[in-house]
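> this is a predicted model, with the sequence first.
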Amino acid sequence: MRLPHGHRPLPPPQCLHLLLFTALCFAVLKTAAAPPRTGSTGEGGIASVTQTMAWAARPPKCAWFPLATTGKSHSHTLVSKYHKIWKGTEDVSSAKDVLKQEPVSGVIALKESMKYFDADFFNDTKLREMEDGAKEFNVPAFRENRKLVALENGGLHNPSVLVFKSSWSGKTKAKENKRFDYPHTSTVHRPSNDEDIAFMSIVELGELIRTKKITSHELTDVFLRRLKRYGTVLESVITCTEDLAYKQAKEADDLLEQGKYLGPLHGIPYGLKDIIAVPQYHTTWGSETFKNQVIDMEAFVYKRLKSAGAVLVAKLVTGSLAYDDIWFGGRTRNPWNIEEFSTGSSAGPAASTSAGMVPFAIGSETAGSITYPAARCGVTALRPTFGTVARTGVMSISESLDKLGPFCRSAVDCAIVLDAIRGTDAGDPSSREISLEDPFHVDITKLTVGYLDSAEMEVVDALSAKGAKLVPFKLNYTVESVQSILNITMDVDMLAHFDTWQREGKDDEYEAQDQWPVELRRARLVPAVDYIQAQRARGRLIREVQESFTVDAFIGNVTDWELVCVGNLVGMPVMVVPTGFKSIEHPPKGGERRRTTVTTGIHAPPDHDHIALALAMAYQSVSNHHKQRPPLDDLGPNDKIHT
């Protein structure tokens, strides 16, 4: 029988129950799947953020059914209420009260999200307490703290009171910090061409200036021309500080005319990684977001070099926010093989020093950003003991991992630069006055030096021939989570310094979306308790490494990632030493001068940088790999040199 349109009978009671059940389902889903409201208070907050994660991971239409079987959850209560209505033992109004009086969304979403924190063991009562506590206490506290210290990105201000000290001695007060006794060279003659001048060492250039065979102004001319000539090809220069350079060069020349000589860096040009602040010049951090940023302060390391008479000629490329070699202007290349990139965020200092565009440069390392680009570009570099050089005025990734260090032509030059920049500053609570012995007076015949399986045997044999005792060595420790400890520490610390940047969605503008944006989003899900557990595990690693360090130093592969992580977590120094070259695969026609550099690392205990420096100097006294020049004019078909 067909019913006339508009004259349908009322549904039976069972149908009413079904309609109610459907309405309840949609009500639950609508409440639980509601998108978060940015900056909301009250019933938004944590619940609405976790709802998005929970419902995005599972289709809303069935999301709460599996939860209904896990104990007396709130969704289980709702289902029980529905069954009573279906059986006629509960009226409809009481089911509506369930939704009104006991909101489902927060607890269900929190229960679902806790698995991402490896903490899905709370019952619903405890979850409800946690939700209330987070709304009433945690979130307001988070917001107040952010207002106090996190409105500025970069970590230049408000350093943490959780200070990492890398020293193994337990001493709190250093001895008198004496300057190093620099070597004196025999008579140095001025080369007839700029190319030869560009690849002279600091010691040689300093002697030319001291004896007035060249002026600082002339040297500045040489290096500014090379920066402009090769900087675009290598994509290694962000800013030439030309006006400042000529001003500082004139000051150096004037002082010398007055009979005042400031030491081996007097009048020597250099470059700074562009995370280091210099007034009136952009400090871009390699990022499109900050490329017009001017920080009106003198970084500690810049002040030290200025007082030593050095001349700043360029701000050099840092990978964007100090991550790898990609920056807002491109990607920095390796002077030894123009077809490959420099790697590491100190790509600009490494490539520019390798190419003879500066005699030396200052870079930084949190996890490999000195060691990797120095190895790739074939330059000598030092990652000092953590805390040796104050980081005031430098963009921060991790306050317990960041270190500043020199890229140079030789280990001798590294020692000279380190002596000028080491020291403590009130703006960096982790900095220390470390009483390094003079590396130029270390007797290596009294040293026992270990070598790993990965060590370059040429270095082992050379040091043995020089009188050091070389023994096979293995660094033993039981901590298996070394790499994850470093990642958790670095990423969470970085996020604390760039919290506002992420909250404002600036990570969408980042130059390499698979780098910081991905890592810092993941870091948002690291609980504070597990960050602390990572630091406790780090403490255990440090103790085990100290016990295992039975030699004065050891030699090994400087780019072994596990060893890089251990060295940075412990805070120990390493010298990167060029040891040779090998042919590249599939060399281009006529490009036989392109090479892959071979390097090794000399590692020492914290506060023993002088040992690593002395051993590197001993090796370089009988080798010449560090004196080789890359094939800068051997370019690809689409690359042009500025003339």
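Looks like it came in fine.

> for the rest of this, base every contact and every neighbour count on C-alpha atoms.
Noted.

> who's in contact with the residue nearest to residue 320 when sequence neighbours are not counted?
Spatial nearest neighbour of residue 320, chain neighbours left out: residue 286 (4.2 Å); criterion: CA to CA, 6 or more residues apart in numbering. Under the criterion of CA atoms under 8 Å, 6 or more residues apart in numbering, the neighbours of residue 286 are 274, 275, 317, 318, 319, 320, 321, 322, 327, 328.

> repeat for residue 527
Contact partners of residue 527, counting by CA under 8 Å, 6+ apart, are residue 117.

> surely residue 111 meets residue 117?
No: no contact is recorded between residue 111 and residue 117 when judged using CA atoms under 8 Å, the distance being 10.7 Å.

> more neighbours: the two, which one.
Taking other CA atoms under 10 Å, residue 111 and residue 117 do not tie; residue 111 has more neighbours (22 against 11).

> so the more buried one is in which element?
In the assignment (DSSP states H and E), residue 111 maps to helix 105-113.

> what average pLDDT does that helix get?
Looking at helix 105-113 alone, the average pLDDT works out to 83.

> dump it to PDB, restricted to CA.
Output of helix 105-113 as PDB, limited to C-alpha atoms (Å, rounded to 0.1, in the frame of the first residue of the first chain):
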ATOM      1  CA  SER A 105      35.700  15.100  23.800                       C
ATOM      2  CA  GLY A 106      38.500  16.100  26.200                       C
ATOM      3  CA  VAL A 107      39.100  12.800  27.900                       C
ATOM      4  CA  ILE A 108      38.700  10.700  24.700                       C
ATOM      5  CA  ALA A 109      41.100  13.000  22.800                       C
ATOM      6  CA  LEU A 110      43.600  13.100  25.700                       C
ATOM      7  CA  LYS A 111      43.400   9.300  26.000                       C
ATOM      8  CA  GLU A 112      44.100   8.900  22.300                       C
ATOM      9  CA  SER A 113      46.900  11.500  22.300                       C
END
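
> in the helix or strand following that helix, what counts as buried?
Moving toward the C-terminus from helix 105-113, the next helix or strand (DSSP H and E) is helix 124-133. Neighbour-count burial for helix 124-133, counted by 16 or more other CA atoms under 10 Å, picks out 124, 127, 128, 130, 131, 132.

> name the helix or strand of this protein that has the lowest mean pLDDT.
Least confident element among the helices and strands of the chain, by mean pLDDT, DSSP states H and E: helix 45-56 (a mean of 35).

> hang on, the earlier thing: dump the buried residues of helix 124-133 to CSV, plus distance to residue 599 and pLDDT.
As requested, those are exported to CSV (distance: CA to CA, whole Å; pLDDT from 0 to 100):
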residue, distance to residue 599, pLDDT
124, 57, 90
127, 54, 90
128, 57, 90
130, 53, 88
131, 54, 89
132, 57, 89
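
> now, among those, which is nearest to residue 568?
Taking CA to CA as the measure, residue 568 sits nearest to residue 130 out of the buried residues of helix 124-133, at 36.6 Å.

> ok, back up a step: the helix holding residue 111 packs against which elements?
Other helices and strands packing on helix 105-113, by 3 or more CA pairs under 8 Å, 6 or more residues apart in numbering; DSSP states H and E, are helix 13-32, helix 45-56, helix 74-87, helix 124-133.

> which residues of the stretch 451-600 of the chain fall in helices?
457-465, 482-497, 499-503, 516-523, 528-548, 561-570 (DSSP state H, counting those that start in this stretch).

> let me have the ones you listed in TSV, extended by mean pLDDT and mean neighbour count.
Listed next are those as TSV, based on pLDDT from 0 to 100; neighbours: other CA atoms under 10 Å:
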stretch	mean pLDDT	mean neighbour count
helix 457-465	97	18
helix 482-497	96	21
helix 499-503	96	16
helix 516-523	95	18
helix 528-548	96	16
helix 561-570	98	21
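
> nearest to residue 363, out of those?
Proximity to residue 363 (CA to CA) singles out helix 561-570 among those, at 15.1 Å.

> and the contacts of the closest one?
Helix 561-570 is contacted by residues 166, 366-368, 401, 482-483, 486, 538, 541-542, 545, 558, 573, 606 when judged by CA under 8 Å, 6+ apart.

> any idea how far residue 270 is from residue 185?
Spatial separation of residue 185 from residue 270 under the definition CA to CA, to the nearest Å is 21 Å.

> in the stretch 501-643 of the chain, which ranges drop under the pLDDT threshold?
Across the stretch 501-643 of the chain, residues meeting the criterion (pLDDT under 70) sit at 588, 590-592, 635-643.

> just the strands from it, written as ranges.
Along the stretch 501-643 of the chain, counting by DSSP state E, counting those that start in this stretch, strands occupy 553-556, 574-583, 595-603.

> could you dump those to JSON lines with mean neighbour count?
Putting those into JSON lines (neighbours: other CA atoms under 10 Å) gives the following:
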{"stretch": "strand 553-556", "mean neighbour count": "26"}
{"stretch": "strand 574-583", "mean neighbour count": "23"}
{"stretch": "strand 595-603", "mean neighbour count": "24"}
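
> can you put these in JSON lines and add distance to residue 389?
Putting the strands of the stretch 501-643 of the chain into JSON lines (distance: least, CA to CA, whole Å) gives the following:
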{"stretch": "strand 553-556", "distance to residue 389": "21"}
{"stretch": "strand 574-583", "distance to residue 389": "15"}
{"stretch": "strand 595-603", "distance to residue 389": "18"}
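
> what about those strands, which gets the closest to residue 281?
For the strands of the stretch 501-643 of the chain, proximity to residue 281 was assessed by CA to CA; strand 574-583 is nearest, at 30.5 Å.

> so the closest one versus helix 457-465, what angle?
For the pair strand 574-583 and helix 457-465, the angle between their directions (axes from the mean of the first three to the mean of the last three CA atoms, to 10 degrees) equals 130 degrees.

> just the CA atoms of strand 574-583, as CSV, please.
Extracted in CSV, the C-alpha atoms of strand 574-583 (Å, rounded to 0.1, in the frame of the first residue of the first chain):
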residue,chain,number,x,y,z
VAL,A,574,88.4,17.7,18.0
MET,A,575,90.9,18.9,15.3
VAL,A,576,89.8,18.3,11.7
VAL,A,577,93.0,17.6,9.7
PRO,A,578,93.3,17.2,5.9
THR,A,579,95.2,14.0,5.1
GLY,A,580,95.0,13.6,1.3
PHE,A,581,92.7,13.4,-1.7
LYS,A,582,91.1,10.8,-3.9
SER,A,583,89.5,11.0,-7.4
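
> tally of neighbours for residue 339?
For residue 339, using other CA under 10 Å, the count is 12.
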